[in-house]
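Coordinates for the following, if possible.
(one chain, ligands or ions: 1)
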Amino acid sequence: METLPDGIDLAARVIADSKYVVAMTGAGMSVESGIPPFRGTNGLWTKYGTPSMDGYRQFRADPEAYWDRQINAQIDEHILELREALRNAKPHPGHFALVELVNLGHIKSVITQNIDGLDLKAGMGDQLIEIHGNRSRLRCIGCSKRTDLNDFVPLFMPDPCDECGQPVKFDAVMFGEPIVPEVMAAAREEIHRADCVVAIGTSATVRPASGLLWVARHRSKGERSNGSAAVEDAKLIEINPSPTKLSSICDVVIRATAGDGVPALVRALRTITAPAVN
Ligand code: APR
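Residues are numbered from 1 along each chain as shown. The predicted model follows:
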């Protein structure tokens, strides 16, 4: 019998006893697929330094110059390394286990901060909210119309949006760029419904996405529609090999990688929800 990381049984019990569980994943979810994280050990920013935070302002000022830099690879070294890793990445057992938790009904939705699309490649459906967009799509900055690139990398600046004429960029959200309103609203709605949130592979540092974790934690203090039943604060579970700023407010902390922790959670939930042998 494979030994389970500490906390897995308690986490499985919390999930099994919850009504509406939501997962929030970060770059750590894809590390075992060969995609480096941004912060911490082997983080791209640890290696190359924090990039400029005004990419979106630069894009808005001169979309043509933005696309020229993209196409001629005159971009940050960390983007070049990330692009190479994204090109070769495949889902790992942790991604498939997360899809299984959704298919088994234990997790109702997944809010991912990742742009790698690996959850979709692992078989996840419309339970997925890609809060920072997806690297293999283009998006109009006016009407948010999206176009799938299907792994094709544009060799020239895309035409303006055929719906509204505004410029088009990669769907992946840039620093300084607002999250697409309907995506943010969907993520907020899921967090509002959640009585348990599982944070997997995120440093919980980048708002507004990470702020949703604290919103869930303090759900009972949030505004409620008139007459709605009192809500309790959501339970928080963290799966991360290292401590984060979220760790101290979690009900369960599992010091494991996504590739070990999520499949272990599936095994533990199968055990406690298996029909009793009579
Ligand atoms: N399994 C699980 N977690 C891991 C693993 C692993 N194999 N390896 C590293 N981690 C953890 C690290 O301990 C860290 O807490 O993953 C986390 C990665 O943190 P960040 O690099 O900050 O990534 P994330 O939290 O997703 O950042 C949020 O910031 O750079 C922006 O837009 C980018 O979506 C990203 C956002």
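
State the distance from the nearest residue to G55 once chain neighbours are set aside to L98.
Distances taken as C-beta to C-beta, 6 or more residues apart in numbering place M174 nearest to G55, at 4.2 Å, with adjacent residues excluded. All C-beta spots, glycine's among them, are computed from the backbone N, C-alpha and C. As judged by C-beta to C-beta, to the nearest Å, M174 and L98 stand 26 Å apart.

The two: which has the busier surroundings?
L98 (30 against 18; other C-beta atoms under 10 Å).

Can you tell me the closest non-neighbouring residue to the more buried one?
Per C-beta to C-beta, 6+ apart, closest to L98 is V262, 5.4 Å.

For the one you found, give me its contacts.
Residues in contact with V262 (C-beta atoms under 8 Å, 6 or more residues apart in numbering) are 93-94, 97-98, 101, 200, 239.

tell me the SS of it?
Secondary structure, DSSP: H, G, I helix; E, B strand; the rest coil: V262 is helix.

Relative to the ligand, how far out is it?
9 Å (C-beta to the nearest ligand atom, to the nearest Å).

Identify the residue nearest D9 in space, chain neighbours excluded?
A268 (5.6 Å).

actually L138, sorry about that
T147 (4.4 Å).

Does E238 touch A199 like I think?
Yes. The pair E238 / A199 is scored as a contact, 4.9 Å apart, by C-beta atoms under 8 Å.

Please identify every residue contacting each of the two.
In contact with both E238 and A199: 244, 246, 250, using C-beta under 8 Å, 6+ apart.

Of these, which is the nearest to the ligand?
T244 (4.9 Å; C-beta to the nearest ligand atom).

if I read this right, the closest one contacts T202, doesn't it?
Yes. With contact defined as C-beta under 8 Å, T244 and T202 form a contacting pair (7.2 Å).

Who has more neighbours out of those two?
More neighbours surround T202 than the other of T244 and T202, with 27 against 22 (other C-beta under 10 Å).

Pull the contacting residues for that one.
Counted by C-beta under 8 Å, 6+ apart, T202 has contacts 24-29, 113, 210, 240, 244, 246.

what does E100 give?
By C-beta under 8 Å, 6+ apart, the neighbours of E100 are V266.

mind checking the SS state of it?
Following three-state DSSP, we place E100 in the helix state.

separation between it and L269?
On the measure of C-beta to C-beta, E100 and L269 end up 9 Å apart.

Show me which residues of the protein are close to the ligand?
26-28, 31-32, 37-40, 43, 113, 132, 201-203, 205-206, 240-242, 244, 257-258 (C-beta under 6 Å from any ligand atom).

Recalculate using a threshold of 5 Å.
Listed as neighbours of the ligand in the chain under the rule C-beta under 5 Å from any ligand atom: 26-28, 31, 37-40, 113, 132, 201-203, 206, 240, 242, 244, 257-258.

can you count the residues close to the residue in the chain positioned nearest to the ligand?
The ligand sits closest to G28 of the chain, with a gap of 2.2 Å, by C-beta to the nearest ligand atom. Residues near G28, counting by other C-beta under 10 Å, number 27.

so it, which of the three states?
Following three-state DSSP, the label given to G28 is helix.

Grab the nearest non-local neighbour of it.
Using C-beta to C-beta, 6+ apart, the closest residue to G28 is G201 (2.5 Å).

That neighbour and E238 touch, don't they?
No. Applying C-beta under 8 Å as the test, G201 and E238 come out as separate, 9.5 Å apart.

Do I have it right that L269 meets I107?
No. Contact between L269 and I107 fails when scored by C-beta under 8 Å: they sit 10.0 Å apart.

And those two? Which one has more around it.
I107 (26 against 22).

what's the spacing between the more buried one and I200?
In terms of C-beta to C-beta, I107 sits 10 Å off from I200.

can you list residues touching both of the two?
In contact with both I107 and I200: 23, 98, using C-beta under 8 Å, 6+ apart.

re earlier: give the PyMOL command for selecting the buried subset of the residues of the chain next to the ligand.
Of the residues of the chain next to the ligand, the buried ones go into a single PyMOL selection, burial set by 16 or more other C-beta atoms under 10 Å:
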select buried, resi 26+27+28+31+37+38+39+40+113+132+201+202+203+206+240+244+257+258
